[in-house]
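>>> mind looking at a prediction? Sequence and model below.
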Amino acid sequence: MLESLTAALVFLNQILDAGNTITAFSLLLYALTFNLRERVARTFAGLLACVTAVYFMDVLVGSTASPAEKEVWLRLQWAGIAFVPAVYLHFSDALLAATGRPSRGRRRFAIRISYLAGAVFVALAAWGSWLAGPLQQGARAAYLRPSWFLLAYTLFFVIGMASAFLTLWRAYLRCLTAASRRRMRYLMVSGVAPALGAFPFLMLGGPLFAHVPLLFWTIVTLLNLAVGISLVLMAYVVAYYGVSYPDRVVKSRLFQWILRGPIVASTVLAIMLIVARASTLLGFPNSRAIPFAMVAILLLLQYVITLVRTPLERWLFYGEDRQDVARLHLLEDRLLTTGDLKQFLEAVLNAACDLTGTPAGFVAALGPNGIELEVAVGADSLPGLETADPGLPTAERRTVEGLGNVFLWEGYSLIPLRQEEGGGPIGLLGLRGTIESGSLSADSTSALHDLVGKATVALTDRFLQREVFRAVDRLVPEIEAIQRMRAAARMGGTAALTAPLASLPPEADLANLVREALGHYWGGPRLTQSPLLGLRIVRQSLDDHGGSPVNALRAILKNAIERTRPEGERRFTGEWVLYNILEMKFLEGRKVRDVAMRLAMSEADLYRKQRVAVEAVAQAVVEMEQEAAGRKA
């Protein structure tokens with residue numbers, strides 16, 4: 001009975017080891033994807049890398065019967081084990097620095113010494129028997145025979161972890177809000193399990209555990225369960241660092257990542273192992289049921305997640321904001337895009353052509369820049385439409401019963417699209433040929449009138465949406481600034497709240513942001529989602545660029561590049577090299593090789609000078625921002 005229970009626990013731990021590997025690696029990818037610029041997230045990614053290495057090697061050890069191979073994996077496992085105290089100390093230091101208490105040199109020195117000590121222990125484990133001897137078996141598990149240097153590592157581990165948790169406690173005392181204190185408590189509590197899970201307890205007490213295998217595997221099972229939960233809890237707290245998104249967005253994004261990643265992958269792997277073990281017990285090893293079971297559970301999980309994800313998110317994360325978020329989701333789902341508008345207008349236009357028997361037609365909007373063609377059918381071109389007077393003063397006007405005023409222009413009958421009776425036109429519906437009173441039946445005239453009304457409604461809704469978008473474009477920079485201050489105020493307090501609404505990032509970060517924005521100068525997320533959109537100079541120039549912050553930022557970057565231009569006629573001499581690189585590489589969009597050949601320099605030299613040029617543009621942006629602040633004052 002005890003043997004069977006122990007065997008079941010060993011099998012369960014194989015599943016848990018694989019699940020923890022998947023969870024740690026998935027959360028590592030999450031940290032590297034969403035907030036890599038934040039030091040807290042980077043150090044947490046290092047911790048996850050160590051945990052991934054430790055548990056992945058456990059999986060490999062448990063999946064092989066070769067003693068030589070097991071010894072190789074156990075020695076490689078020290079690449080994760082040895083650095084656990086160092087990454088914990090580094091992580092706690094980053095958290096304390098985030099509360100406004102950066103290292104004055106002592107913590108930084110201790111971190112470097114810790115990483116150096118970790119590298120020494122890795123070397124000792126890899127070569128010879130200084131740290132770990134030959135392979136041993138005990139408590140149904142393989143481990144390396146310990147040496148006296150293991151006591152040195154244990155001392156290093158205890159001192160490192162004690163220092164890390166002391167630093168976490170200092171960070172907790174500096175937290176200003178109830179939410180930040182609560183999350184720091186989560187970190188302190190959840191940080192214990194991964195540290196214990198990575199420590200080689202079996203090397204210290206292998207002979208003792210060999211006498212009580214059931215107790216050993218029970219403790220390991222509980223510890224592995226705690227590690228999986230703790231990793232998710234720590235990732236939840238770290239996810240708030242370095243992002244300015246609302247809490248509900250951070251929670252929702254992490255929730256989706258965990259559902260689609262660790263839960264799905266771990267469940268599929270568990271089902272595969274369970275079916276394989278059951279097939280072996282039934283006398284059918286390598287059963288064909290294994291791949292079918294994997295596919296079935298994968299599809300079933302995706303189906304369940306699709307059904308429950310949105311309701312769960314609204315119930316768990318939105319709280320009293322549910323109605324506001326529901327409106328936004330409704331707008332997103334029902335948004336009339338340019339493609340949707342053209343599809344609808346094309347259908348209306350085809351129906352109008354069928355009613356009137358005309359071979360061609362078009363719908364155009366009357367905007368601030370004149371007549372803008374929306375859709376046309378049956379005609380290859382419409383001569384003079386873009387340059388025509390929106391008022392069509394030269395067109396012949398006729399009154400058609402049931403349709404009102406109809407204008408004759410270039411062989412087309414133009415029906416104005418008006419929002420309300422007597423109001424100004426917002427567009428035109430043109431049909432080739434002449435429409436006169438009596439040329440259509442009463443039913444056809446009534447149907448054409450309805451089609452004109454539908455086209456009017458579509459254009460009206462599109463214009464209203466454009467106004468909404470313009471308002472959003474104006475709001476987004478200040479909303480992002482407020483969200484950044486709200487996020488910083490969790491730790492930074494008064495200093496974060498009293499900072500200018502559009503304060504510049506640090507010099508190094510500003511240069512990186514400028515480089516990224518220039519790289520997508522003609523379009524791309526690094527321009528359209530750049531934090532530079534929140535600059536004061538961008539907001540002040542919105543009116544000059546149609547309310548579009550992206551166009552305003554593009555113009556500001558071009559102006560900043562022009563500030564690096566030397567006086568006089570353009571040349572390809574040394575004093576012009578920075579400006580020439582900026583213009584050819586970013587404004588003209590030429591390839592690196594072409595720019596290097598044109599400027600007669602190597603690509604490596606070009607990259608070095610490009611870095612200097614980008615820093616000059618960043619400095620010009622700083623000057624422009626200061627000038628904007630002076631004008632506002």
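Received the coordinates, thanks.
>>> can you give me the strands for this protein?
Remark: strands assigned in the chain by DSSP state E are 132-138, 141-146, 361-367, 370-377, 396-400, 404-409, 412-418, 425-432.
>>> how far away from the center of its chain is the shortest one?
Here strand 396-400 shows a centroid-to-chain-centroid distance of 57 Å under the convention Cα atoms, centre = their mean, to the nearest Å.
>>> swap in the fourth one?
Between the mean C-alpha location of strand 370-377 and the chain-wide mean there is a distance of 37 Å, by Cα atoms, centre = their mean.
>>> who does that strand pair up with?
Strand 370-377 pairs in its sheet with strand 361-367 (antiparallel), by DSSP bridges.
>>> can I get the strands of the chain in CSV with distance to residue 566?
From N, CA and C alone the C-beta is placed, and that goes for glycine too. Listed next are the strands of the chain as CSV, based on distance: least, Cβ to Cβ, whole Å:
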stretch, distance to residue 566
strand 132-138, 65
strand 141-146, 67
strand 361-367, 41
strand 370-377, 40
strand 396-400, 60
strand 404-409, 53
strand 412-418, 54
strand 425-432, 50
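>>> among the ones you listed, which is nearest residue 624?
strand 361-367 (31.2 Å; Cβ to Cβ).
>>> list the contacts of residue 187.
Listed by Cβ atoms under 8 Å, 6 or more residues apart in numbering, the contact set of residue 187 reads 95, 168, 234, 237.
>>> do I have it right that the third one meets residue 191?
Put plainly, it is residue 234. Yes - Residue 234 lies in contact with residue 191 (Cβ atoms under 8 Å); the separation is 6.5 Å.
>>> outline the domain layout of this protein.
According to automatic domain parsing, the chain comprises the domains 2-243, 245-333, 338-464, 507-632.
>>> mean neighbour count, the ones you listed: which tops it?
domain 2-243 (a mean of 19; mean count of other Cβ atoms under 10 Å).
>>> any idea how far apart the tips of it sit?
Start-to-end span of domain 2-243 (Cα to Cα, to the nearest Å) is 51 Å.
>>> that domain: how far from the chain's middle?
Taking the mean of its C-alpha atoms, domain 2-243 sits 27 Å from the chain's own mean (Cα atoms, centre = their mean).
>>> how about stretch 612-622?
Worked out by Cα atoms, centre = their mean, stretch 612-622 lies 27 Å from the chain centre.
>>> which residues are contacting it?
Contacts for stretch 612-622 (Cβ under 8 Å, 6+ apart): 504, 507, 510-511, 514-515, 518, 532, 535, 537, 556-557, 559-561, 563-564, 578-579, 581-582.
>>> ok, 7 Å please
Residues outside stretch 612-622 that contact it (Cβ atoms under 7 Å, 6 or more residues apart in numbering) are 504, 510-511, 514-515, 518, 556-557, 560-561, 563-564, 578, 581-582.
>>> in helices, which of these appear?
Counting by DSSP state H, the contacts of stretch 612-622 place 510-511, 514-515, 518, 556-557, 560-561, 563, 578, 581-582 in helices.
>>> which residue, other than its chain neighbours, is closest to residue 275?
If the residues on either side of it in the chain are set aside, residue 275 comes closest to residue 293, at 4.6 Å by Cβ to Cβ, 6 or more residues apart in numbering.
>>> for that neighbour, what are its contacts?
Contacts of residue 293 (Cβ under 7 Å, 6+ apart): 271, 272, 275.
>>> same deal with residue 551?
residue 545.
>>> ok so, going back, which one of the contacts of residue 293 is nearest residue 81?
Comparing the contacts of residue 293 against residue 81 with Cβ to Cβ places residue 272 closest, at 27.9 Å.
>>> adding pLDDT and distance to residue 448, write the contacts of residue 293 out as CSV.
Formatted as CSV, the contacts of residue 293 follow (pLDDT from 0 to 100; distance: Cβ to Cβ, whole Å):
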residue, pLDDT, distance to residue 448
271, 88, 62
272, 87, 64
275, 86, 66
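>>> how about those in JSON lines, adding distance to residue 200?
Shown next, in JSON lines, are the contacts of residue 293 (distance: Cβ to Cβ, whole Å):
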{"residue": "271", "distance to residue 200": "30"}
{"residue": "272", "distance to residue 200": "28"}
{"residue": "275", "distance to residue 200": "32"}
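>>> among those residues, which are in helices?
Per DSSP H, the contacts of residue 293 map to helices at 271, 272, 275.
>>> what distance do you get for the first one to residue 466?
Which is residue 271. Applying Cβ to Cβ, to the nearest Å, the value for residue 271 to residue 466 is 51 Å.
>>> got it, and the last one?
Counting by Cβ to Cβ, the gap between residue 275 and residue 466 amounts to 56 Å.
>>> so where's the stretch 1-150 of the chain shaky on pLDDT?
Applying pLDDT under 70 to the stretch 1-150 of the chain flags the ranges 1, 139.
>>> lowest-confidence helix or strand of the protein?
Every helix and strand of the chain was ranked by mean pLDDT, DSSP states H and E. The lowest is helix 494-497, at a mean of 48.
>>> how far does stretch 297-316 sit from its chain's centre?
21 Å.
>>> what comes into contact with that stretch?
Contacts of stretch 297-316 (Cβ under 7 Å, 6+ apart): 252, 255, 256, 259, 260, 264, 267, 268, 271, 322.
>>> mind putting those into CSV with distance to residue 8?
Shown next, in CSV, are the contacts of stretch 297-316 (distance: Cβ to Cβ, whole Å):
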residue, distance to residue 8
252, 37
255, 32
256, 33
259, 28
260, 30
264, 25
267, 19
268, 21
271, 17
322, 44
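>>> in helices, which of those fall?
With helices taken from DSSP H, the overlap with these comprises 252, 255, 256, 264, 267, 268, 271, 322.
>>> just give me the closest of those to residue 623.
The nearest member of the ones in helices among the contacts of stretch 297-316 to residue 623, counting by Cβ to Cβ, is residue 252 at 40.0 Å.
>>> now do that closest one against residue 237, distance only.
Counting by Cβ to Cβ, the gap from residue 252 to residue 237 is 16 Å.
>>> what does residue 111 give?
Applying Cβ to Cβ to residue 111 and residue 237 gives a distance of 21 Å.
>>> what's the answer for residue 263, then?
In terms of Cβ to Cβ, residue 263 sits 19 Å off from residue 237.
>>> ok, back up a step: quick one: closest of the strands of the chain to residue 570.
Nearest to residue 570 among those is strand 370-377; the distance by Cβ to Cβ comes to 35.7 Å.
>>> the inter-axis angle of that closest one versus strand 425-432?
40 degrees (axes from the mean of the first three to the mean of the last three Cα atoms, to 10 degrees).
>>> next, the closest residue to residue 445 other than its chain neighbours: phi, psi?
Spatial nearest neighbour of residue 445, chain neighbours left out: residue 402 (4.0 Å); criterion: Cβ to Cβ, 6+ apart. Per-residue torsions, residue 402: phi 90, psi -10 (degrees, to the nearest 10).
>>> tell me the contacts of residue 402?
Neighbours of residue 402 in contact, by Cβ under 7 Å, 6+ apart: 445, 446, 449.
>>> repeat that for 10 Å
Neighbouring residues of residue 402 by Cβ atoms under 10 Å, 6 or more residues apart in numbering: 437, 440, 442, 444, 445, 446, 448, 449.
>>> can those residues go into JSON lines with extra columns for distance to residue 8 and pLDDT?
Formatted as JSON lines, the contacts of residue 402 follow (distance: Cβ to Cβ, whole Å; pLDDT from 0 to 100):
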{"residue": "437", "distance to residue 8": "90", "pLDDT": "69"}
{"residue": "440", "distance to residue 8": "83", "pLDDT": "78"}
{"residue": "442", "distance to residue 8": "84", "pLDDT": "81"}
{"residue": "444", "distance to residue 8": "80", "pLDDT": "82"}
{"residue": "445", "distance to residue 8": "82", "pLDDT": "82"}
{"residue": "446", "distance to residue 8": "78", "pLDDT": "86"}
{"residue": "448", "distance to residue 8": "77", "pLDDT": "86"}
{"residue": "449", "distance to residue 8": "77", "pLDDT": "86"}
